[in-house]
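# sequence and predicted structure are below.
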Amino acid sequence: MKGKVFLIGAGPGDPELLTVKAHRLLQSADAVLHDDLVSQEILKLIPATAQLHNVGKRCGKKKIQQDEINFLMIALADLGLRVIRLKSGDPMIFGRAGEEMEALRKAGVVYEIVPGVTSALGAAAAAEIPLTHRRASSAVVFITAHQANGSNAADWNKLAGSGATLVIYMPGHDYTSIAARLRAAGVRGDMPCALVSRATGPQQKTFRTSVGQLQFASQLPAPTLLVVGDVVRFSDVQQFELPAYAGISTSAFSTDSIPEEPVA
(Lines give C-alpha, C1' and ligand atoms only; values in the text may rest on other atoms or scores of the structure.)
Protein backbone atom coordinates (compact mmCIF):
# COMPACT_ATOMS: atom_id res chain seq x y z
CA MET A 1 0.00 0.00 0.00
CA LYS A 2 1.08 3.53 -0.67
CA GLY A 3 1.89 5.79 2.21
CA LYS A 4 0.63 9.30 2.79
CA VAL A 5 2.23 12.75 2.62
CA PHE A 6 1.45 15.49 5.12
CA LEU A 7 2.29 19.09 4.17
CA ILE A 8 2.75 20.61 7.63
CA GLY A 9 3.34 24.17 8.77
CA ALA A 10 5.98 24.34 11.50
CA GLY A 11 5.10 27.91 12.47
CA PRO A 12 7.56 30.78 12.86
CA GLY A 13 10.02 29.00 15.14
CA ASP A 14 8.71 28.55 18.68
CA PRO A 15 7.88 24.83 19.08
CA GLU A 16 5.00 25.73 21.39
CA LEU A 17 3.29 27.37 18.41
CA LEU A 18 3.01 24.04 16.60
CA THR A 19 -0.55 22.83 16.32
CA VAL A 20 -1.49 19.77 18.35
CA LYS A 21 -2.05 17.86 15.13
CA ALA A 22 1.35 18.84 13.68
CA HIS A 23 3.07 17.73 16.90
CA ARG A 24 1.29 14.37 16.90
CA LEU A 25 2.11 13.67 13.25
CA LEU A 26 5.75 14.61 13.67
CA GLN A 27 6.16 12.08 16.45
CA SER A 28 4.82 9.29 14.25
CA ALA A 29 6.73 10.21 11.07
CA ASP A 30 8.66 7.68 9.01
CA ALA A 31 10.38 10.34 6.90
CA VAL A 32 10.61 14.13 7.18
CA LEU A 33 11.60 16.55 4.42
CA HIS A 34 12.21 19.89 6.08
CA ASP A 35 13.15 23.44 5.11
CA ASP A 36 16.29 25.16 6.36
CA LEU A 37 14.24 27.65 8.37
CA VAL A 38 12.52 25.06 10.56
CA SER A 39 13.98 25.57 14.04
CA GLN A 40 16.25 23.03 15.69
CA GLU A 41 13.85 22.88 18.66
CA ILE A 42 11.13 21.57 16.35
CA LEU A 43 13.45 19.13 14.56
CA LYS A 44 14.28 17.61 17.95
CA LEU A 45 10.65 16.47 18.20
CA ILE A 46 11.14 14.10 15.26
CA PRO A 47 11.78 10.48 16.34
CA ALA A 48 15.34 9.21 15.82
CA THR A 49 13.97 6.32 13.73
CA ALA A 50 12.63 8.68 11.04
CA GLN A 51 14.54 9.50 7.88
CA LEU A 52 15.52 13.17 7.91
CA HIS A 53 16.06 15.10 4.67
CA ASN A 54 17.04 18.77 4.58
CA VAL A 55 15.55 20.03 1.31
CA GLY A 56 15.69 23.75 2.02
CA LYS A 57 17.89 26.53 0.78
CA ARG A 58 20.01 29.16 2.46
CA CYS A 59 21.08 32.53 1.06
CA GLY A 60 19.26 31.69 -2.15
CA LYS A 61 21.35 28.55 -2.78
CA LYS A 62 19.25 25.43 -3.20
CA LYS A 63 20.47 22.10 -1.92
CA ILE A 64 17.90 20.36 -4.09
CA GLN A 65 15.57 21.38 -6.92
CA GLN A 66 11.79 21.42 -6.53
CA ASP A 67 11.32 18.55 -8.99
CA GLU A 68 13.70 16.46 -6.87
CA ILE A 69 11.71 17.25 -3.73
CA ASN A 70 8.51 16.17 -5.49
CA PHE A 71 10.17 12.94 -6.67
CA LEU A 72 11.49 12.17 -3.18
CA MET A 73 8.09 12.69 -1.54
CA ILE A 74 6.43 10.40 -4.07
CA ALA A 75 9.15 7.74 -3.85
CA LEU A 76 8.98 7.60 -0.06
CA ALA A 77 5.17 7.42 -0.13
CA ASP A 78 5.37 4.59 -2.69
CA LEU A 79 7.35 2.65 -0.08
CA GLY A 80 4.35 2.87 2.24
CA LEU A 81 5.88 5.48 4.55
CA ARG A 82 4.22 8.30 6.46
CA VAL A 83 5.99 11.28 4.92
CA ILE A 84 6.08 14.74 6.49
CA ARG A 85 6.89 17.72 4.29
CA LEU A 86 7.72 20.24 7.01
CA LYS A 87 7.71 23.92 6.10
CA SER A 88 8.35 27.00 8.21
CA GLY A 89 5.30 29.17 8.82
CA ASP A 90 2.24 27.97 6.93
CA PRO A 91 2.67 25.67 3.91
CA MET A 92 0.12 27.58 1.83
CA ILE A 93 1.86 30.97 2.06
CA PHE A 94 5.04 31.28 -0.04
CA GLY A 95 5.72 27.60 0.65
CA ARG A 96 5.34 26.08 -2.84
CA ALA A 97 2.57 23.86 -1.52
CA GLY A 98 0.64 24.39 -4.76
CA GLU A 99 3.41 22.82 -6.84
CA GLU A 100 3.82 19.93 -4.45
CA MET A 101 0.08 19.18 -4.26
CA GLU A 102 -0.06 19.15 -8.06
CA ALA A 103 2.80 16.63 -8.25
CA LEU A 104 1.27 14.40 -5.58
CA ARG A 105 -2.12 14.42 -7.30
CA LYS A 106 -0.57 13.45 -10.63
CA ALA A 107 1.25 10.58 -8.93
CA GLY A 108 -1.90 9.38 -7.18
CA VAL A 109 -0.39 9.92 -3.72
CA VAL A 110 -2.79 10.69 -0.87
CA TYR A 111 -1.87 13.86 1.00
CA GLU A 112 -3.18 16.18 3.71
CA ILE A 113 -2.53 19.82 4.57
CA VAL A 114 -1.86 20.77 8.20
CA PRO A 115 -1.80 24.57 8.53
CA GLY A 116 0.64 26.43 10.73
CA VAL A 117 1.04 29.89 12.23
CA THR A 118 2.37 31.88 9.31
CA SER A 119 5.50 33.95 9.90
CA ALA A 120 3.64 37.23 9.47
CA LEU A 121 1.29 36.48 12.35
CA GLY A 122 4.10 35.16 14.52
CA ALA A 123 6.26 38.21 13.86
CA ALA A 124 3.40 40.64 14.48
CA ALA A 125 2.49 38.97 17.76
CA ALA A 126 6.10 38.79 18.95
CA ALA A 127 6.68 42.46 18.09
CA GLU A 128 3.26 43.52 19.45
CA ILE A 129 2.17 45.02 16.14
CA PRO A 130 -1.58 44.83 15.42
CA LEU A 131 -1.77 44.08 11.69
CA THR A 132 -5.20 45.70 11.53
CA HIS A 133 -6.57 48.51 13.66
CA ARG A 134 -9.86 50.41 13.48
CA ARG A 135 -7.99 53.71 13.45
CA ALA A 136 -5.26 52.76 11.00
CA SER A 137 -5.90 49.82 8.67
CA SER A 138 -8.77 47.47 7.87
CA ALA A 139 -6.78 45.16 5.58
CA VAL A 140 -3.45 43.37 5.49
CA VAL A 141 -1.47 42.17 2.47
CA PHE A 142 1.24 39.49 2.44
CA ILE A 143 3.80 40.03 -0.31
CA THR A 144 7.23 38.70 -1.14
CA ALA A 145 10.12 40.81 -2.35
CA HIS A 146 11.36 37.90 -4.48
CA GLN A 147 9.56 36.50 -7.50
CA ALA A 148 10.17 33.31 -9.44
CA ASN A 149 11.66 33.81 -12.90
CA GLY A 150 8.93 34.54 -15.42
CA SER A 151 6.22 35.17 -12.81
CA ASN A 152 4.12 38.29 -12.70
CA ALA A 153 5.35 40.64 -10.00
CA ALA A 154 2.74 42.12 -7.68
CA ASP A 155 1.71 45.68 -8.42
CA TRP A 156 3.18 47.52 -5.44
CA ASN A 157 1.57 50.78 -6.59
CA LYS A 158 -1.93 49.33 -6.15
CA LEU A 159 -1.06 47.64 -2.88
CA ALA A 160 0.53 50.76 -1.39
CA GLY A 161 -2.44 52.88 -2.43
CA SER A 162 -4.95 50.52 -0.82
CA GLY A 163 -4.11 51.68 2.70
CA ALA A 164 -3.56 48.09 3.80
CA THR A 165 -0.79 47.02 6.14
CA LEU A 166 1.99 45.46 4.07
CA VAL A 167 3.93 42.47 5.38
CA ILE A 168 6.90 41.86 3.11
CA TYR A 169 8.40 38.39 3.25
CA MET A 170 12.06 37.88 2.31
CA PRO A 171 13.01 41.58 2.09
CA GLY A 172 16.67 40.62 1.86
CA HIS A 173 19.44 42.89 3.12
CA ASP A 174 19.20 45.60 0.48
CA TYR A 175 16.96 47.84 2.54
CA THR A 176 17.77 50.80 0.30
CA SER A 177 16.24 49.02 -2.68
CA ILE A 178 13.13 48.00 -0.74
CA ALA A 179 12.68 51.56 0.56
CA ALA A 180 13.07 52.98 -2.95
CA ARG A 181 10.48 50.53 -4.27
CA LEU A 182 8.02 51.51 -1.56
CA ARG A 183 8.60 55.23 -2.14
CA ALA A 184 8.14 54.76 -5.91
CA ALA A 185 4.83 53.05 -5.16
CA GLY A 186 3.68 56.14 -3.27
CA VAL A 187 4.36 55.16 0.34
CA ARG A 188 5.12 58.21 2.51
CA GLY A 189 8.67 58.64 3.76
CA ASP A 190 7.39 59.05 7.33
CA MET A 191 5.35 55.84 7.17
CA PRO A 192 6.48 53.71 10.13
CA CYS A 193 7.81 50.24 9.48
CA ALA A 194 9.40 47.46 11.47
CA LEU A 195 11.90 44.71 10.74
CA VAL A 196 11.38 41.50 12.70
CA SER A 197 14.14 38.89 12.59
CA ARG A 198 13.84 35.27 13.76
CA ALA A 199 10.41 35.92 15.21
CA THR A 200 9.25 33.99 18.31
CA GLY A 201 12.68 32.44 18.86
CA PRO A 202 15.33 33.19 21.50
CA GLN A 203 17.36 35.16 18.93
CA GLN A 204 14.49 37.43 17.89
CA LYS A 205 15.41 41.00 17.03
CA THR A 206 13.09 43.87 16.16
CA PHE A 207 13.91 47.26 14.70
CA ARG A 208 11.44 50.08 14.17
CA THR A 209 12.06 52.94 11.77
CA SER A 210 10.33 54.73 8.87
CA VAL A 211 10.31 54.02 5.15
CA GLY A 212 12.39 57.14 4.53
CA GLN A 213 15.04 56.00 7.02
CA LEU A 214 14.90 52.27 6.28
CA GLN A 215 18.13 52.41 4.31
CA PHE A 216 20.03 53.17 7.55
CA ALA A 217 18.66 50.16 9.44
CA SER A 218 21.07 47.53 10.69
CA GLN A 219 21.04 44.31 8.70
CA LEU A 220 19.24 41.64 10.68
CA PRO A 221 19.77 37.88 10.24
CA ALA A 222 17.30 35.86 8.19
CA PRO A 223 14.50 35.00 8.30
CA THR A 224 13.28 38.58 8.42
CA LEU A 225 9.94 40.23 7.69
CA LEU A 226 9.19 43.89 7.07
CA VAL A 227 5.90 45.33 8.34
CA VAL A 228 4.87 48.65 6.76
CA GLY A 229 1.92 50.74 7.89
CA ASP A 230 0.48 53.09 10.47
CA VAL A 231 -0.32 50.07 12.65
CA VAL A 232 3.36 50.01 13.65
CA ARG A 233 2.65 53.14 15.73
CA PHE A 234 0.56 51.05 18.10
CA SER A 235 3.41 48.71 19.05
CA ASP A 236 5.30 49.07 22.30
CA VAL A 237 8.44 51.14 21.73
CA GLN A 238 10.16 49.31 24.58
CA GLN A 239 10.03 46.07 22.57
CA PHE A 240 12.20 47.51 19.81
CA GLU A 241 15.83 48.32 19.20
CA LEU A 242 15.36 51.92 18.15
CA PRO A 243 17.53 53.49 15.45
CA ALA A 244 20.89 54.69 16.73
CA TYR A 245 21.33 57.36 14.07
CA ALA A 246 20.34 61.02 14.22
CA GLY A 247 17.06 62.34 12.94
CA ILE A 248 14.67 59.77 14.39
CA SER A 249 12.97 59.96 17.74
CA THR A 250 10.18 57.98 19.32
CA SER A 251 7.83 60.88 18.69
CA ALA A 252 7.93 59.92 15.01
CA PHE A 253 5.86 56.89 15.95
CA SER A 254 3.27 58.64 18.08
CA THR A 255 -0.37 57.68 17.55
CA ASP A 256 -1.41 61.31 18.05
CA SER A 257 -1.44 61.86 14.30
CA ILE A 258 -3.95 59.05 13.76
CA PRO A 259 -7.50 60.33 14.07
CA GLU A 260 -9.81 58.81 16.63
CA GLU A 261 -12.58 56.63 15.32
CA PRO A 262 -15.75 58.72 14.78
CA VAL A 263 -18.37 58.35 17.47
CA ALA A 264 -21.50 56.70 16.06
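Received, thanks.

# C-alpha only now, for contacts and for neighbours.
OK.

# which residues touch stretch 48-65?
Residues from elsewhere that reach stretch 48-65, judged by Cα atoms under 8 Å, 6 or more residues apart in numbering: 29-37, 69.

# before we move on, what about stretch 173-188?
With Cα under 8 Å, 6+ apart, stretch 173-188 has contacts from 145, 156-158, 160-161, 171, 189, 211-212, 214-217, 219-220.

# ok, now with 10 Å
With contact meaning Cα atoms under 10 Å, 6 or more residues apart in numbering, stretch 173-188 is reached by 145, 155-161, 163, 168, 171-172, 189, 191, 210-222, 224, 226, 228-229.

# restricted to helices, list those.
Per DSSP state H, helices hold the following members of those: 156-161.

# how long is stretch 110-129 from one end to the other?
End-to-end distance for stretch 110-129: 39 Å, by Cα to Cα, to the nearest Å.

# how about it: buried residues?
Using 16 or more other Cα atoms under 10 Å as the test for burial, stretch 110-129 gives 111, 113-124, 126-129.

# before we move on, what about stretch 79-93?
Buried-residue list, stretch 79-93, by 16+ other Cα under 10 Å: 81-93.

# now stretch 37-46
37-39, 42-43, 46.

# contact partners for residue 15?
So residue 15 contacts 23, 38-45, 200-201 (Cα under 10 Å, 6+ apart).

# re earlier: buried subset of the contacts of stretch 48-65?
Buried among the contacts of stretch 48-65 (16+ other Cα under 10 Å): 29-35, 37, 69.

# among those residues, which lie within helices?
Short answer: the buried ones among the contacts of stretch 48-65 in helices (DSSP H) are residue 69.

# how near is residue 132 to residue 115?
Applying Cα to Cα to residue 132 and residue 115 gives a distance of 22 Å.

# same deal with residue 125?
Counting by Cα to Cα - residue 125 and residue 115 are separated by 18 Å.

# over to residue 204?
Residue 204 sits 23 Å away from residue 115, going by Cα to Cα.

# local confidence estimate at residue 173?
The score at residue 173 is 89. That number is its pLDDT.

# err, residue 218, not the other one
The predicted local confidence for residue 218 is 86.

# one more: residue 56?
Predicted confidence (pLDDT) for residue 56: 86.

# tally of neighbours for it?
20 (other Cα atoms under 10 Å).

# likewise the one 10 residues further on?
Other residues near residue 66 come to 15 when the count uses other Cα under 10 Å.

# with residue 48 instead?
With other Cα under 10 Å as criterion, residue 48 counts 11.

# mind putting the buried residues of stretch 37-46 into a markdown table with pLDDT and distance to residue 103?
Converted to a markdown table, these look like this (pLDDT from 0 to 100; distance: Cα to Cα, whole Å):
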| residue | pLDDT | distance to residue 103 |
| --- | --- | --- |
| 37 | 91 | 23 |
| 38 | 94 | 23 |
| 39 | 93 | 26 |
| 42 | 96 | 26 |
| 43 | 96 | 25 |
| 46 | 97 | 25 |
